[in-house]
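Colleague: Turn this into a model:
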Amino acid sequence: MNFAASSQKDLWFSHPLIGDCSFDAFVRHERNPLFVGKGLWEWPVNGFLFIDPVSGHWYIYVSLYAKGYVPIGSITLLRSTDCGQTWEDIGPIFDGKGLAEPYHTEGDALGATDASVVYDGEIYHLVYGWGSLISDRGGFAYAWAKRPEGPFMRHPHPIKNEATDPLVHGIYKRTYATTLFRRSTDWLVLAMMSTPSNQGGSWALVALTAERPEGPYGKQQFLLYPQSKTYLPAPLEFYPAFAHDGYVYAPATSVGSNRTYQAIFKAKLEDAHLEEAWTLLQEGSNWHSVPLESERYGIWGQTFSGQVVDRERLWAMYPAKNSLNRGTINLASRPWPQTWEDRFVLSANNNVAASFIRKGYTTFRLAAKLTAQPSFSLLWGWTAPVGAVEMPYWAQSHPHERMFTSCVRLQVSEAGYEVQQVGANGAVKVLAGCSREDAIDPELRQREHSEHPEQHHPEQQAEAFAPQEAFDIRIIQEMEKCIVSINGVQWELDIAAMPGRIGLAAAAGTILSSDHFAVEGDEVEHWIDLLPTEGLAGPAQCPSKWIMEEADYYRHGFGYLSTNRKGFVEETASVVKWNFRGTAFKVWMPAVKYGRIRAELDGNRIGEFIVQLDGRQETRVVLAQDGLEACNHALTLTLIEGKMVCDSFSYRL
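Modeller: Numbering: from 1, shown residues only. Next up is the predicted model:
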């Protein structure tokens, strides 16, 4: 079976913080980048694509930010009069000045960003984000104009102001990043909500409706949010959305160190204010990176801003960052409805990225043709746990180093090729190897060491992409031996077959693609272990609400114990949520504290269970279920009394 065929795209593991083998068909515009940050405004990393139904001209409303998003600036405009072929920079057209006196004080500076535009009744209606140097003052507001270029006349009072808005669900306060839609009898705003001052950690898509575009708008209706009891990849940001043929589409981007993972959600426009109207249309395979200087850091700041043209092609504005850490504005397009390429791309712009086939194999034959920078691994017999590292607000997270243990791997680097056996403790034993010139180094056969894929901190300037090369890899894993070859170099090794999965890991700065990844072999039952960080990231729990412990009684050497401390603002419930796609699951917990816990699967209550102290601390299965439909599920555990331990979660593929 060729797992590089688009028909197999859903058999690859996809995760916002870990990686995504994307089969998307986006093609870059030949004149990219259309705009590059400069001066104080180094980060033009948000924007909105608008096609004027009157003139037919295309516009991109670009949000100007300083590096690190502070301070926020103004909105500048790009215009194309030839359907996106060439672009001119109109310059800044809208800033934060003009709101009524109560919303800013002397010495304060207001900014305006994150616009979206709708034409209706010979008026161009604009909603935009406003913010202040005073961190809790900001939200979104309304303006209007007779032309897409303005001048825009702003309403003196914003629609939402965090300083006076109540806390919602004990977590959410800032409403921002809005997209405006005209419906048959009212106006709809899709917006994001986050924690106070938009510190992050938890992001939600909400809806607000009004009879008039300027409002007043009703309360936020929560649509997609990590605290829901149903499957939702996290963490994701949602701005902006787009509409076509009576439906609204909400792309969502990872906020991990690599942001290439994208998901697309869909609802009927007239029902889009209702949580139950939304479905996950496509998870992963929506975006891939290319090794261009203008997008060295990959897509950045938001998801793509889409418009369907002539019912046959989706055009997307997307922000990125170049190697100088400056924002760029770019354009790409793909067929509509969505089609996929018979190839995948694993993008690791800023940190290691990984993915694997959702199947287990013991013996197999593999033939793969890869194109990549020489900095990746092909892994098999892979049984390591899966999960990302803890980050204070989950943003910038990346695969945990424990993911790259318990496997055999072919390691490709600038220095050469190595076949390595990696133990559960991360110790690496090199079984064979050679330099890039195919000269075998005998010392490699004896050397033992410990290493993990290179990690990178994306706020620093990045080196340019290294040149890509072609790699022809073949592996024959039999019960007692393994034949490995790469670009004509071959080893026959005494490696006993071990049941596990087959996958790829790309080091930081690597864009790996393949149009041939064939695997033949008998499939075996395989269980995935999730690290404890997955249980906290799933419901966007504040890590500081939990005590991280390292102890032998945890399944993978560490876990989390609930506390009585407040987390994100007034968050008080201790919740663990496991998102997974499988047919059975097991929840593991050590008996170190008494706890009574409620369990819900896909929003339906399973019941309660109690963890009792019995003198044995080691982890054990406290809840299990079999016979599930082979689809996406979410198991939510809520502490009722006592303490809850977040250890590990296993599910069967």
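Colleague: and the chain, what are its domains?
Modeller: Annotated domains of the chain cover 37-287, 350-524, 528-652 [automatic domain parsing].
Colleague: where in this structure is pLDDT low?
Modeller: Residues of the chain meeting the criterion pLDDT under 70: 104-109, 134-135, 438-461, 565-572.
Colleague: Look through it and tell me its longest strand.
Modeller: In the chain, ranked by residue count with DSSP state E as the criterion, the top strand is strand 510-524.
Colleague: returning to what we had before: which among the domains of the chain is found nearest to Phe23?
Modeller: Comparison of the domains of the chain against Phe23 by CB to CB identifies domain 37-287 as nearest, at 4.5 Å. (C-beta placed from N, C-alpha, C; glycine too.)
Colleague: from the middle of its chain, how far away would that closest one be?
Modeller: Relative to its parent chain, domain 37-287 has a centroid offset of 19 Å by CA atoms, centre = their mean, to the nearest Å.
Colleague: Ok, stretch 604-611 next?
Modeller: Taking CA atoms, centre = their mean, the mean C-alpha location of stretch 604-611 is offset from the chain mean by 30 Å.
Colleague: residue contacts, the residue positioned nearest the centre of the chain?
Modeller: Central residue of the chain (CA atoms, centre = their mean): Ser254, 2.0 Å from the mean position. Ser254 makes contact with Pro16, Leu17, Pro235, Leu236, Thr260, Tyr261, Gln262 under the criterion CB atoms under 8 Å, 6 or more residues apart in numbering.
Colleague: So the second one sits against His400, correct?
Modeller: Think Leu17. No. In this structure Leu17 lies outside contact range of His400 using CB atoms under 8 Å: 9.3 Å.
Colleague: And those two? Which one has more around it.
Modeller: Ranked by neighbour count (other CB atoms under 10 Å), Leu17 and His400 place Leu17 first, with 29 against 25.
Colleague: packing partners for the longest strand of the chain?
Modeller: If contacts are counted by 3 or more CB pairs under 8 Å, 6 or more residues apart in numbering; DSSP states H and E, strand 510-524 sits against strand 340-348, strand 360-372, strand 501-506.
Colleague: who's in contact with the last one?
Modeller: Put plainly, it is strand 501-506. Counting by CB under 8 Å, 6+ apart, 13, 19, 21, 346-348, 352-361, 364, 366, 372, 375-380, 382-383, 399, 403-404, 409, 453, 512, 519, 526 sit against strand 501-506.
Colleague: Show me the strands paired with that strand, marking each as parallel or antiparallel.
Modeller: With DSSP bridges as the test, strand 501-506 is paired with strand 353-356 (antiparallel), strand 376-382 (antiparallel).
Colleague: Hey, what's the angle from that strand to strand 340-348? Just curious.
Modeller: If you take axes from the mean of the first three to the mean of the last three CA atoms, to 10 degrees, strand 501-506 sits at 60 degrees to strand 340-348.
Colleague: so how far is strand 501-506 from its chain's centroid?
Modeller: Distance, stretch centre to chain centre, for strand 501-506: 18 Å (CA atoms, centre = their mean).
Colleague: before we move on, what about the longest one?
Modeller: Going by CA atoms, centre = their mean, the spacing between the C-alpha centre of strand 360-372 and its chain's C-alpha centre is 26 Å.
Colleague: how about that strand: buried residues?
Modeller: Gly360, Tyr361, Thr362, Thr363, Phe364, Leu366, Ala367, Ala368, Lys369, Leu370, Thr371, Ala372 (16 or more other CB atoms under 10 Å).
Colleague: What is that strand packed up against?
Modeller: When contacts are defined as 3+ CB pairs under 8 Å, 6+ apart, strand 360-372 sits against strand 376-382, strand 469-477, strand 501-506, strand 510-524.
Colleague: Select, out of those, the one closest to Glu618.
Modeller: So among the helices and strands packed on strand 360-372, strand 376-382 is nearest, using CB to CB, at 25.0 Å.
Colleague: Any chance you could list what contacts the closest one?
Modeller: For strand 376-382, the external contacting residues (CB under 8 Å, 6+ apart) are 356, 361, 364, 366, 368, 370, 404, 406-412, 453, 473, 475, 477, 497-507, 510, 512.
Colleague: how does it look with 6 Å?
Modeller: 407-412, 498, 500-506, 510, 512 (CB atoms under 6 Å, 6 or more residues apart in numbering).
Colleague: Among those, which one sits closest to Ala462?
Modeller: Ranked by distance to Ala462 (CB to CB), the contacts of strand 376-382 are led by Thr510 at 12.1 Å.
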